[in-house]
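Q: Structure, please.
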Amino acid sequence: MTYAVLSAELFKLRKRPAVWVVAGLWILLGLMFGYVFPYLGSQGSGGGFGPDGGQSPADLLAGTLPADLVPTLTSGLPMFGGAFALILGVLISGSEYGWGTVKTILAQGPSRTTVLTGKIVVAAGISLALVLTEFVTDSIAALLIATIKSAPAHWPPVAELARGVGVGWLIVVTWCLGGLMLGTLLRGTALPIGLGLVWALVVENLIRGFASLLGFMDFIQKWLPGTNGGSAVAALGASTRGNPGVSDAVSGTHAGAVLAAYVALFCAVALIVFRRRDVT
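A: Next up, the predicted model:
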């Protein structure tokens with residue numbers, strides 16, 4: 001893999017407005033649902049947040065303070081963050097087919113393996129950059145709320161922050177590479193994004209919904225990327241109540257191993273298909 005391939009991939013993504021829109025919406029919605037709405041809700045006098053009145057105003061406020069930075073941030077990654085990451089992955093790989101530039105790129109000299117490996121590396125790098133950016137913006141929001149409420153700003157230990165970044169990156173890169181694989185398999189953007197979002201937001205939720213009723217559904221859910229992402233977040237301390245996608249179906253170790261396996265699987269499938277199939 002050459003520097004030119006990575007540079008070209010980054011240049012294309014920087015110049016594409018859709019990438020910035022997706023990334024911006026991701027960060028904005030993370031702030032709104034992780035900090036702004038919970039803070040506003042904590043100022044009310046209602047019985048609590050959620051269909052069962054689960055979280056009290058005091059609990060909502062506590063979740064917006066620096067001490068709860070890691071669970072608050074990561075709780076949005078299994079479902080909504082994963083959906084945005086999937087879209088980014090599709091844009092990274094599928095856009096070339098819409099532009100008709102796949103043959104042009106390969107005609108310049110780099111091998112198919114080099115080209116797709118460059119996309120995979122860029123996807124992993126962007127995933128990490130987005131997680132770090134969200135940590136920074138959420139930290140600022142948490143500090144601002146603590147200042148407004150005159151609450152102590154007790155930050156998590158460095159080891160916990162590092163663990164949060166690592167788990168968050170693993171969840172995001174799994175979905176991003178899943179989108180990259182779909183874009184490569186289906187050679188486009190619209191269909192892969194549609195199918196990927198249906199799977200992430202509908203199919204997995206239905207399977208989890210029936211897991212308590214059907215034994216084989218419970219077995220299946222323990223091997224799904226969404227369930228394992230939610231369980232990895234739950235292992236960091238995120239509540240399973242009021243946080244869509246957060247689950248304690250499996251242990252944190254099991255979740256990490258399954259997500260890593262999905263990363264390897266998505267990369268392998270994309271590479272094999274891209275190398276063996278005609279580009280047109």
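Q: Can you pull out the low-pLDDT segments for the stretch 51-200 of the chain?
A: Applying pLDDT under 70 to the stretch 51-200 of the chain flags residues 51-55.
Q: Spell out the residue ranges of the helices in the stretch 151-280 of the chain.
A: Secondary structure of the stretch 151-280 of the chain, counting by DSSP state H, counting those that start in this stretch: helices at 158-186, 190-198, 204-211, 215-221, 225-234, 252-276.
Q: residue ranges of the helices in the stretch 1-150 of the chain, please?
A: Going by DSSP H, counting those that start in this stretch, the stretch 1-150 of the chain shows helices at 3-14, 17-31, 37-42, 57-63, 69-74, 82-99, 102-107, 112-148.
Q: Would you mind finding the most buried of those helices?
A: helix 69-74 (a mean of 26; mean count of other CB atoms under 10 Å). (Glycine included, C-beta is placed from N, CA and C.)
Q: Point out the other helices and strands that it packs with.
A: Secondary-structure packing of helix 69-74 (3 or more CB pairs under 8 Å, 6 or more residues apart in numbering; DSSP states H and E): helix 112-148, helix 158-186.
Q: Run the chain-centre distance for that helix.
A: 13 Å (CA atoms, centre = their mean, to the nearest Å).
Q: show me what contacts the residue nearest to Pro110 when sequence neighbours are not counted?
A: Sequence neighbours aside, Val5 is the residue nearest to Pro110 in space, at 5.6 Å (criterion: CB to CB, 6 or more residues apart in numbering). Under the criterion of CB atoms under 8 Å, 6 or more residues apart in numbering, the neighbours of Val5 are Pro110, Thr114, Val115, Thr117, Gly118.
Q: Of the residues you listed, just say which sits nearest to Gly256.
A: For the contacts of Val5, the residue nearest Gly256 by CB to CB is Thr117; the value is 23.6 Å.
Q: Burial check on the residue nearest to Leu185 when sequence neighbours are not counted, number of neighbours?
A: Spatial nearest neighbour of Leu185, chain neighbours left out: Val273 (5.9 Å); criterion: CB to CB, 6+ apart. By the criterion of other CB atoms under 10 Å, Val273 has 14 neighbours.
Q: Can you give me the distance of the residue nearest to Thr189 when sequence neighbours are not counted to Gly179?
A: In this structure, Thr189 finds its nearest non-sequential neighbour in Gly94, 4.2 Å apart by CB to CB, 6+ apart. According to CB to CB, to the nearest Å, Gly94 and Gly179 sit 8 Å apart.
Q: and for these two, which residues touch both?
A: Listed as contacting both Gly94 and Gly179 by CB under 8 Å, 6+ apart are Pro192.
Q: What does the pLDDT read for the residue nearest to Leu185?
A: For Val273, the pLDDT comes out at 93.
Q: about what we covered before: mean neighbour count, the helices of the stretch 151-280 of the chain: which tops it?
A: Comparing these by mean count of other CB under 10 Å gives helix 225-234 as most buried, with a mean of 28.
Q: average pLDDT for that helix?
A: 93.
Q: Confirm for me that Arg208 is in contact with Ile220.
A: No. In this structure, Arg208 is not within contact of Ile220 by CB atoms under 8 Å, at 9.6 Å.
Q: on that earlier part again, hmm, which two among the contacts of Val5 are most spread apart?
A: Pro110 and Thr117 (9.5 Å).
Q: And for stretch 244-251, what's in contact with it?
A: With CB under 8 Å, 6+ apart, stretch 244-251 has contacts from 75, 78-80, 82, 208, 211, 218, 221-222, 226-231, 233-235, 238-240, 258.
Q: The same query, at a cut-off of 7 Å, please.
A: Here stretch 244-251 makes contact (CB atoms under 7 Å, 6 or more residues apart in numbering) with 75, 78-79, 208, 221-222, 226-228, 230-231, 233-235, 238-240.
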